[in-house]
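Novice: quick one, structure for this:
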Amino acid sequence: MRTKLQEGEYVIYIAKKHWIVYLVGLFIAMAIFLVADFIKQTLWGVFLGALVMLYVHLERKFNIWVVTNRRFIDERGIWVFYSKETPVDKINNITFSKDILGRIFGYGGIFIQSAAELGLTKASLIAKPEMLQAAIIEAQKQFIAQNIVPPDTAPCPVCKELIKKDALKCRFCGTVLVEMTTENPVHETVNTVFIQDTTDKQKRSYQETDAKENNTNNTNQEIFERRGKVWRP
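Specialist: Numbering: from 1, shown residues only. Below you'll find the predicted structure:
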């Protein structure tokens, strides 16, 4: 694991690719060797086959999925390091699938959907994906039990969901917020604008409704008077 842990954070589970990836790499290396041997380049075939197996080994070593008590971390990359982090409290759905060979040998794919900016994480040929799913669920339970609040977040004053401290608008309820300062340590809502707009719309709606009712009453009155004139003896 190449990602540094935060203070008070610990690893719950680390998932890797299944060992069946070595078989895939071995088939590719054998194909390269046979082609090289056919064109009388056996040494090159051995060399390229060894490179393929080395690449498969390094990919399995560095392409990992880590579950901590705070984050789900997707690490990959041999020469270029790539890391994708998702807070466990933002993960919404976790599903995994296994085909026939996956059920026999114990590997499968997993799909993780979250409310983060990069919302979807896909992974295939993972060893025991059900263990990774169980680890994420356990991390979410521990997060809720410990009530861990990241230092750069604060609860929204309206919906109480965790948002960034410097956020100008809550992404959950849509409340517009004022940036926090020393004089204003708490988010101030400006929902009064929306309330006033709503009130004005209601007033206009009531006025239109009253106007329609008055027009209807006047029309009925005219019909009654006209009928009265017609039927008057």
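
Novice: and stretch 4-24, how far apart are its ends?
Specialist: By C-alpha to C-alpha, to the nearest Å, the extent of stretch 4-24 from end to end equals 32 Å.

Novice: swap in stretch 154-165?
Specialist: End-to-end distance of stretch 154-165 (C-alpha to C-alpha): 6 Å.

Novice: distance between it and the chain's centre?
Specialist: 18 Å (C-alpha atoms, centre = their mean, to the nearest Å).

Novice: center of the protein, which residue is that?
Specialist: With distances taken as C-alpha atoms, centre = their mean, the residue of the chain nearest its centroid is Ser114 (1.8 Å).

Novice: quick one: contacts for the residue nearest to Glu161 when sequence neighbours are not counted?
Specialist: The spatial neighbour of Glu161 that comes closest, neighbours along the chain excluded (C-beta to C-beta, 6 or more residues apart in numbering), is Phe172 at 4.3 Å. Every residue, glycine included, has its C-beta placed from N, CA and C. Counting by C-beta atoms under 8 Å, 6 or more residues apart in numbering, Phe172 makes contact with 156, 159, 161, 163.

Novice: what pLDDT does Phe172 get?
Specialist: Note for Phe172: predicted pLDDT of 81.

Novice: measure it to Ile163 for me?
Specialist: Using C-beta to C-beta, to the nearest Å, Phe172 is found at 7 Å from Ile163.

Novice: quick check, Met131 in contact with Ile14.
Specialist: No. Using C-beta atoms under 8 Å as the test, Met131 is too far from Ile14 to be in contact (10.2 Å).

Novice: which helix or strand contains Ala139?
Specialist: Ala139 is part of helix 129-146, with elements assigned from DSSP states H and E.

Novice: strands of this structure, start to end?
Specialist: Assigned by DSSP state E, the chain shows strands spanning 11-15, 64-68, 71-76, 82-87, 91-97, 107-114, 120-127, 153-155, 162-164.

Novice: please report phi then psi for the residue nearest to Glu161.
Specialist: Main-chain torsions, Phe172, degrees, to the nearest 10: phi -100, psi -50.

Novice: how much space separates it from Phe143?
Specialist: Noted for Phe172: a distance of 18 Å to Phe143, by C-beta to C-beta.

Novice: and what of Thr42?
Specialist: Per C-beta to C-beta, Thr42 is found 56 Å from Phe143.

Novice: of these two, give the one with the bigger neighbour count.
Specialist: Between Thr42 and Phe143, Phe143 has the larger neighbour count (other C-beta atoms under 10 Å), namely 18 against 12.

Novice: quick one: contacts for that one?
Specialist: So Phe143 contacts 69-70, 88-89 (C-beta under 8 Å, 6+ apart).

Novice: again, but for Glu138
Specialist: Residues in contact with Glu138, defined by C-beta under 8 Å, 6+ apart, are Ile12.

Novice: I'd like the numbering to begin with 808 instead of 1 from here.
Specialist: Noted, 808 is the first residue going forward, which turns the last one into Glu945.

Novice: distance check, it against Thr893.
Specialist: In this view, Glu945 and Thr893 are 16 Å apart by C-beta to C-beta.

Novice: returning to what we had before: nearest to Ala838, out of the strands of the chain?
Specialist: Closest of those to Ala838 is strand 927-934, at 19.3 Å (criterion: C-beta to C-beta).

Novice: how many residues are close by the closest residue to Arg878 other than its chain neighbours?
Specialist: The spatial neighbour of Arg878 that comes closest, neighbours along the chain excluded (C-beta to C-beta, 6+ apart), is Glu892 at 5.1 Å. Glu892: 15 surrounding residues under other C-beta under 10 Å.
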